[in-house]
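S.K.: Just to be clear, the model below is a prediction. Sequence and coordinates:
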Amino acid sequence: MSLAKPLMRGLLGKRLRIHLPVAFAVSLLTAAVFKYTVCDPRKQAYAEFYKNYDAVKEFNNMREAGIFECVRPSGE
Amino acid sequence: MAHPSQLGFQDAASPLMEELLMFHDHALLVVFLISAFVLYIILAMITTNMTDKYILDSQGVEIIWTILPALILILIALPSLRILYLMDEIDSPHLTVKAVGHQWYWSYEYTDYADLAFDSYMIPPQDLTPGQFRLLEADHRMVIPVMTPVRALISAEDVLHSWAVPALGTKMDAVPGRLNQTTFVASRPGVYYGQCSEICGANHSFMPIVVEVAPLEHFEAWSSLMLEDT
């Protein structure tokens, strides 16, 4: 009874054929997760902030809070 | 201003800083892409049972790991160059302010229509009022109008300084005998802080920059008041 000859060649190639595509996939997945959890929400946040931004209203709120030195709150 | 244990940038107060934030996100995305790939490869390399695992040469893989990094660099360079050229656009500024660095304070000059000039010293910690920020407050703030292209001419009287306001995305070296120009537009009113960004002696950390952004009518009222006082 003879044993089957063990696989002696192409072991690294076989390993690389599995792991390299997985490595690319992992890196693309990481990039996609970062894009959709950080990059796009940040762009959206800035767009939303400025969509209905009223500079005069915000300025008056800050003025009444007393943070400016060039103009004091309206009561003073 | 920056908050304690803050990791990211301050919120953008100018269109240029918004562009820089987006570019930073893009560059960081590429960093995560490459780091994830390398980390996976390292893990694969240390979890193998193979003993003979070294390829001695392979023209194919060498071509790939030359072309791919070159493409990644182009992917980073193109948006970077776009912002670089955006920063150099001088779009008819409505106001010019000179900021001159001294040891150890800044002086500001508004000479477009009249000779308004004043010094801006840090408020020492013992003179701060509640709510003011340590090492960031100045006795006289640089005031500019909102949504107005401003040209800042930066120079120095003695040694190198650097005028920087992170929220506005500006930093420009103050070099004695040289006039450096930068432009920016403040998109929203508020108070924005910066610090001298070039080592200039014992009190380098104690010459902050404070920029107040207000609507035009308030800027005009302030400048009239300052002219009367000086």
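M.R.: Cool, got the structure.

S.K.: As a check, name the ranges of all helices in the chain.
M.R.: Unless you meant another one, I'm taking chain A. Listed from the start of the chain, chain A has helices (DSSP state H) covering A:11-34, A:40-51, A:55-65.

S.K.: Not quite, go with chain B.
M.R.: Counting by DSSP H, one finds helices in chain B at the ranges B:15-46, B:59-87, B:216-229.

S.K.: number of nearby residues for residue 56?
M.R.: All of this refers to chain A. Counted by other C-beta atoms under 10 Å in any protein chain shown, the residues lying close to residue A:56 total 10. All C-beta atoms are positioned from the backbone trio N, CA, C, and that covers glycine.

S.K.: The chain in question should be chain B.
M.R.: Residue B:56: 4 surrounding residues under other C-beta under 10 Å.

S.K.: For stretch B:61-79, buried residues please.
M.R.: By neighbour count on 16 or more other C-beta atoms under 10 Å in any protein chain shown, the buried set for stretch B:61-79 is empty.

S.K.: Show me what the mean pLDDT comes to for it.
M.R.: For stretch B:61-79, mean pLDDT is 95.

S.K.: For that stretch, C-alpha coordinates in PDB please.
M.R.: Extracted as PDB, the C-alpha positions of stretch B:61-79 are listed here (Å, rounded to 0.1, in the frame of the first residue of the first chain):
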ATOM      1  CA  VAL B  61       5.700  41.600  -8.500                       C
ATOM      2  CA  GLU B  62       8.400  44.200  -8.800                       C
ATOM      3  CA  ILE B  63       6.400  45.900 -11.600                       C
ATOM      4  CA  ILE B  64       3.300  45.800  -9.500                       C
ATOM      5  CA  TRP B  65       4.900  47.300  -6.400                       C
ATOM      6  CA  THR B  66       6.400  50.100  -8.400                       C
ATOM      7  CA  ILE B  67       3.300  51.000 -10.500                       C
ATOM      8  CA  LEU B  68       0.800  50.800  -7.600                       C
ATOM      9  CA  PRO B  69       2.600  53.200  -5.200                       C
ATOM     10  CA  ALA B  70       3.200  55.600  -8.100                       C
ATOM     11  CA  LEU B  71      -0.600  55.600  -8.800                       C
ATOM     12  CA  ILE B  72      -1.300  56.100  -5.100                       C
ATOM     13  CA  LEU B  73       1.100  59.100  -5.100                       C
ATOM     14  CA  ILE B  74      -0.700  60.600  -8.100                       C
ATOM     15  CA  LEU B  75      -4.000  60.000  -6.300                       C
ATOM     16  CA  ILE B  76      -2.700  62.100  -3.400                       C
ATOM     17  CA  ALA B  77      -0.900  64.700  -5.500                       C
ATOM     18  CA  LEU B  78      -3.800  65.800  -7.700                       C
ATOM     19  CA  PRO B  79      -6.100  67.100  -4.900                       C
END
